[in-house]
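Engineer: what shape does this take:
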Amino acid sequence: MGATRVELIVSNGTARITLDGPETRNALDADAAADLRAVCAEIDNDAAIGAAIITGTAPAFCSGADTRVLDALRSARPDEVYDGLDELYSAFRRFGRLSVPTVAAINGAAVGAGVNLALAADLRIVAPDAVLASGFARIGLHPGGGHLYLLARAGGIGAAAAAGVFAQAITADHAVAMGIAWTSVPAADLLRVAERSVAHLAADPALARALAATLRRTAADAAAWDHAVEIERARQMWSLSRPGKEG
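Structural biologist: Down below sits the predicted model:
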């Protein structure tokens, strides 16, 4: 089974990140997580970039953590589980702390950690067949990476409960109605609409970065996300170690 590559294209002040692993529906493993962190550093270090868009190779946005990674962690030592989870967490947390405004162009399913990645963006635009599915509880796994916090931050406690606890999928229509996504557009128009939404930011990177910094300080509590990560981590590690719960 193939691995996910992380591709970066920079054009006219806009960085486009593409998760490219159609065989795994753009799942994240340690290498992909490291590549995403490296891409984020490259964007931050280029003062000519004013915005970033993240998407996935069709037909999915991101199916979450590669199942092979989770399977390996089930039998690992606690310190290895901690570090292995942290490698995955660090990828979407790093994306969520880019110095430029970010848009997730959600072209298909976002599952598990893929939901975290989508919710780490400042703005979400969805295709009509996009779906955000927590996925964790259905396979006997506690959410991680601040999953419930990110759901509540984007859509309120009701959305966090429905998706993260009661395992209800959030469709494109639901996402827009709850304010989790800004708008839904035909899949063929998704990237064009995303690029149009950041055109003014790409043209003025200094202002874009100032706006991102202010938004993150006033509307998104980074410390609360950090706190949620640690609360969820212990319970996720416990759920991974339970006998007979291999998903």
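Engineer: what residues of stretch 24-43 count as buried?
Structural biologist: Buried positions in stretch 24-43, judged by neighbour count with 16 or more other Cβ atoms under 10 Å: 24-30, 32-33, 35-37, 39-40, 43. Where you see a C-beta, it was placed from the backbone N, CA and C, and this is true even at glycine.
Engineer: can you check stretch 208-221 too?
Structural biologist: Here stretch 208-221 shows 208, 209, 211, 212, 216 as buried, counting by 16+ other Cβ under 10 Å.
Engineer: mean confidence for it?
Structural biologist: Stretch 208-221 comes out with an average pLDDT of 90.
Engineer: sketch out the low-pLDDT regions of this protein for me.
Structural biologist: For the chain, residues meeting the criterion pLDDT under 70 lie at 1, 244-247.
Engineer: now the helices: where do they sit in it?
Structural biologist: 30-44, 67-74, 78-96, 113-120, 147-155, 157-160, 172-178, 190-197, 199-202, 205-219, 222-241 (DSSP state H).
Engineer: pick the most deeply packed of those helices.
Structural biologist: Mean neighbour count (mean count of other Cβ atoms under 10 Å) peaks for helix 113-120 among those, with a mean of 28.
Engineer: what sits against residue 97?
Structural biologist: Residues near residue 97 by Cβ atoms under 8 Å, 6 or more residues apart in numbering: 40, 216, 222.
Engineer: quick check, the first one in contact with residue 94.
Structural biologist: Yes: Residue 40 is in contact with residue 94 according to Cβ atoms under 8 Å; the separation is 4.8 Å.
Engineer: residue contacts, the residue nearest to the spatial centre of the chain?
Structural biologist: Centroid-nearest residue in the chain, with Cα atoms, centre = their mean: residue 117, separated by 0.4 Å. By Cβ under 8 Å, 6+ apart, the contact set of residue 117 is 28, 54, 61, 62, 91, 92, 95, 104, 110.
Engineer: where's it relative to residue 97, distance?
Structural biologist: Distance, residue 117 to residue 97, using Cβ to Cβ, to the nearest Å: 13 Å.
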